[in-house]
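Chemist: heads up, no residue letters with this:
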């Protein structure tokens, strides 16, 4: 079998001719940097580098500036919109925007960009305020310093679609600084590993004006948290939504079960033995995973080893480094190391980083699945000697639907009522608005325990039930009675006298009238 590697693939893409470097440059210049044009040569999409993110226009445009007009502070929106052009001291105030007329209408999650063809320009280059392309139902993340796709709608109206993907050695859900792509191309000709490992000098010729604007952006300094976020992949039919700071929503197939609950042969006339179907098929096995702090064990291990920023820090499944960015070289932070595959041969990647195999390797998770073995996955075994609480599929249809909520610390809060109810068993736990807690078995003859808000406790067996306290054996409890004398008020047993002189197991002695408010019962042996 022919062996492929990154260098071979590059040469094949060039027809076996040319250098790796020229192929990299071709990618860089014609794919990741390109604008798209229609048949008439008019630009449809352009690439811009984000200078500012206006997360909340009500806050951002109403910020006070150091300038005063008629004795009052000039607002930032007044300058950016071009409404105010000078202050009381005669200073000229000029909007940096090419389209200042849209300032008063910019919705939340608008961005300010320098278009690709302006990023090397001097002080005369002007920013563009872009509306988000998607409605407020979907607000995509983006940070100053990242590249975005931009479309011009009219002379004043521009829209940004989403952040532009980068090389896999650069792509990062936390922060993707596409200017580092030059380092990917040049590292093979460099003897300095920091050129690539720590991405030093990665400004790609950005103007000082643009670098300064990014460095001073409110979104970068007030909202963004830079940190390592583990990468993950998905199967072709899955839908994965990832946040910038290690949270995700996954809609796909069951991913923790070792052996499929449902046979791969379902929904196909063929069999595995015929070698006509994929044995990895997972029919009737949808899953939804809501997760925070994925790969928790690695992340927390790395968080406790800060280092001095000069070397990589590694855990079992991840490697991080303190990467530099040209717009803010003094404020570097540790991020995920994505370059290991192109470094020395002994620097292997960590394949486990990309997949989830341990359902508990997170801070918290809500997981919905049709996995029959969900209890084995969760290590939630049945209580020995009692009736099974594992997924039953009582109708025999292959329905093992499960919702599991797990975390280091779990909370279930209802402001008025909470009900946990088992339909098949007619049992549950209820919390009432008055403060009562009711734990009940089958409502048709089952037992119940009621913790009343007034302080009383009621332990009520079913009609033919026996209260067993201290032992499962009906004759080995603290207070025992024969089956013939289980009538309320006439239990035949040796009375237990408390230290206060009260009777526990029989009506009060008339001569004393004493009952005990609190009883301490100690049981020894069997």
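Modeler: Looks like it came in fine. Computed from a prediction, not measured in an experiment: that's the story for all the values here.
Chemist: let me see the contact set for the spatially closest residue to residue 210 that is not a sequence neighbour.
Modeler: Once flanking residues are discounted, residue 210 sits nearest to residue 114: 5.3 Å by Cβ to Cβ, 6 or more residues apart in numbering. C-beta coordinates here come from the backbone N, C-alpha and C atoms, glycine included. By Cβ atoms under 8 Å, 6 or more residues apart in numbering, residue 114 lies in contact with 48, 49, 51, 121, 125, 127, 128, 210.
Chemist: what about residue 114, which helix or strand?
Modeler: Per DSSP states H and E: residue 114 is located in strand 110-115.
Chemist: before we move on, what about residue 300?
Modeler: helix 296-303.
Chemist: whichever helix or strand comes after that helix pairs with which strands?
Modeler: Next along the chain after helix 296-303, taking DSSP H and E as the criterion, comes strand 313-314. Using DSSP bridges, the strands paired with strand 313-314 are strand 319-323 (antiparallel).
Chemist: distance from the chain centre to the strand it pairs with, please.
Modeler: 21 Å (Cα atoms, centre = their mean, to the nearest Å).
Chemist: contacts for that strand?
Modeler: Under the contact criterion Cβ under 8 Å, 6+ apart, strand 319-323 has outside partners 197-199, 228, 302, 307, 309-314, 332-337, 340, 350.
Chemist: now the element after it, going C-ward?
Modeler: Helices and strands here follow DSSP H and E; after strand 319-323, the next one along the chain is strand 333-336.
Chemist: name every strand pairing with that next one and say which way it goes.
Modeler: Checking strand 333-336 against DSSP bridges gives partners strand 319-323 (antiparallel).
Chemist: about what we covered before: and the pLDDT for the residue nearest to residue 210?
Modeler: If you check residue 114, the pLDDT there is 93.
Chemist: what's the answer for residue 39, then?
Modeler: 58.
Chemist: report how many residues lie close to the residue lying closest to residue 438 once chain neighbours are set aside.
Modeler: Excluding the flanking residues, the one nearest residue 438 by Cβ to Cβ, 6+ apart is residue 430, at 4.6 Å. Here the count is done by other Cβ atoms under 10 Å, and residue 430 has 15 residues near it.
Chemist: residue 430 is in contact with residue 443, isn't it?
Modeler: No. With contact defined as Cβ atoms under 8 Å, residue 430 does not reach residue 443; the gap is 11.3 Å.
Chemist: and stretch 456-471, what's buried?
Modeler: Across stretch 456-471, burial judged by 16 or more other Cβ atoms under 10 Å covers residue 468.
Chemist: measure it end to end?
Modeler: Its start and end residues considered, stretch 456-471 measures 23 Å (Cα to Cα, to the nearest Å).
Chemist: dump the residue contacts of residue 463.
Modeler: For residue 463, the contacting residues are residue 445, by Cβ under 8 Å, 6+ apart.
Chemist: what about it, is that helix, strand or coil?
Modeler: The three-state assignment at residue 463 reads coil, by DSSP: H, G, I helix; E, B strand; the rest coil.
Chemist: what do you get for residue 213?
Modeler: When classified by three-state DSSP, residue 213 comes out as helix.
Chemist: which intervals of the stretch 101-250 of the chain have sub-threshold pLDDT?
Modeler: The model of the stretch 101-250 of the chain has pLDDT under 70 over residues 118-124, 185-204.
Chemist: and the helices in it?
Modeler: 181-186, 194-197, 208-215, 218-222 (DSSP state H, counting those that start in this stretch).
Chemist: which of those is buried the deepest?
Modeler: Highest mean neighbour count of the helices of the stretch 101-250 of the chain: helix 181-186, a mean of 20 (counted as mean count of other Cβ atoms under 10 Å).
Chemist: now do the end-to-end distance for stretch 76-87.
Modeler: Counting by Cα to Cα, you get 13 Å between the two ends of stretch 76-87.
Chemist: next, give phi and psi for residue 289.
Modeler: phi -130, psi 120 (degrees, to the nearest 10).
Chemist: and if you look at the one 3 residues further on?
Modeler: Dihedral pair for residue 292: phi -130, psi 150, per degrees, to the nearest 10.
Chemist: rewinding a little: can you list contacts of the helix holding residue 300?
Modeler: The contact list for helix 296-303, computed with Cβ under 8 Å, 6+ apart, reads 228, 230, 246, 293, 313, 315-318, 320, 334, 353, 361-363.
Chemist: what residue is smack in the middle of this structure?
Modeler: A centroid search over the chain (Cα atoms, centre = their mean) returns residue 247, at 1.1 Å, as the residue closest to the centre.
Chemist: so who does the closest residue to that one other than its chain neighbours touch?
Modeler: Excluding the flanking residues, the one nearest residue 247 by Cβ to Cβ, 6+ apart is residue 292, at 4.7 Å. Taking Cβ under 8 Å, 6+ apart, we find residue 292 in contact with 246, 247, 362, 363, 364, 365.
Chemist: tell me how far residue 162 lies from residue 45.
Modeler: Using Cβ to Cβ, to the nearest Å, one obtains 11 Å as the distance from residue 162 to residue 45.
Chemist: common neighbours of the two, please.
Modeler: Shared contacts of residue 162 and residue 45, defined by Cβ under 8 Å, 6+ apart, comprise residue 149.
Chemist: quick one: the strands in the stretch 351-500 of the chain?
Modeler: For the stretch 351-500 of the chain, strands defined by DSSP state E, counting those that start in this stretch occupy the ranges 364-369, 402-407, 418-422, 427-431, 437-440, 448-451, 457-460.
Chemist: got those as JSON lines, with mean pLDDT columns?
Modeler: Shown next, in JSON lines, are those (pLDDT from 0 to 100):
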{"stretch": "strand 364-369", "mean pLDDT": "97"}
{"stretch": "strand 402-407", "mean pLDDT": "95"}
{"stretch": "strand 418-422", "mean pLDDT": "95"}
{"stretch": "strand 427-431", "mean pLDDT": "97"}
{"stretch": "strand 437-440", "mean pLDDT": "97"}
{"stretch": "strand 448-451", "mean pLDDT": "96"}
{"stretch": "strand 457-460", "mean pLDDT": "92"}
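Chemist: out of those strands, flag the one nearest residue 183.
Modeler: Closest approach to residue 183 among the strands of the stretch 351-500 of the chain (Cβ to Cβ): strand 364-369, 36.0 Å.
Chemist: so what does that closest one touch, helix or strand wise?
Modeler: Packing partners of strand 364-369 (3 or more Cβ pairs under 8 Å, 6 or more residues apart in numbering; DSSP states H and E): strand 286-292, strand 402-407.
Chemist: list the buried ones in it?
Modeler: Going by neighbour count (16+ other Cβ under 10 Å), the buried part of strand 364-369 is 364, 365, 367, 368, 369.
Chemist: so what pairs up with the residue lying closest to the second one once chain neighbours are set aside in the strands?
Modeler: It refers to residue 365. Once flanking residues are discounted, residue 365 sits nearest to residue 291: 4.7 Å by Cβ to Cβ, 6+ apart. With DSSP bridges as the criterion, residue 291 is bridged to residue 248, residue 365.
Chemist: I figured residue 291 was touching residue 247, is that so?
Modeler: Yes. With contact defined as Cβ under 8 Å, residue 291 counts as touching residue 247 (6.8 Å).
Chemist: residues contacting the residue nearest to residue 438?
Modeler: 417, 418, 419, 420, 421, 436, 437, 438, 440.
Chemist: any idea how far the second one is from residue 452?
Modeler: Using Cβ to Cβ, one obtains 17 Å as the distance from residue 418 to residue 452.
Chemist: now the stretch 351-500 of the chain, which segments are flagged as low pLDDT?
Modeler: The low-confidence ranges in the stretch 351-500 of the chain, as defined by pLDDT under 70, are 474-500.
Chemist: do you have the helices of it handy? List them.
Modeler: In the stretch 351-500 of the chain, the helices defined using DSSP H, counting those that start in this stretch lie at 374-378.
Chemist: can I get the contacts of residue 114 in a markdown table including distance to residue 266?
Modeler: Output for the contacts of residue 114, formatted as a markdown table (distance: Cβ to Cβ, whole Å):
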| residue | distance to residue 266 |
| --- | --- |
| 48 | 49 |
| 49 | 50 |
| 51 | 53 |
| 121 | 61 |
| 125 | 60 |
| 127 | 56 |
| 128 | 53 |
| 210 | 57 |
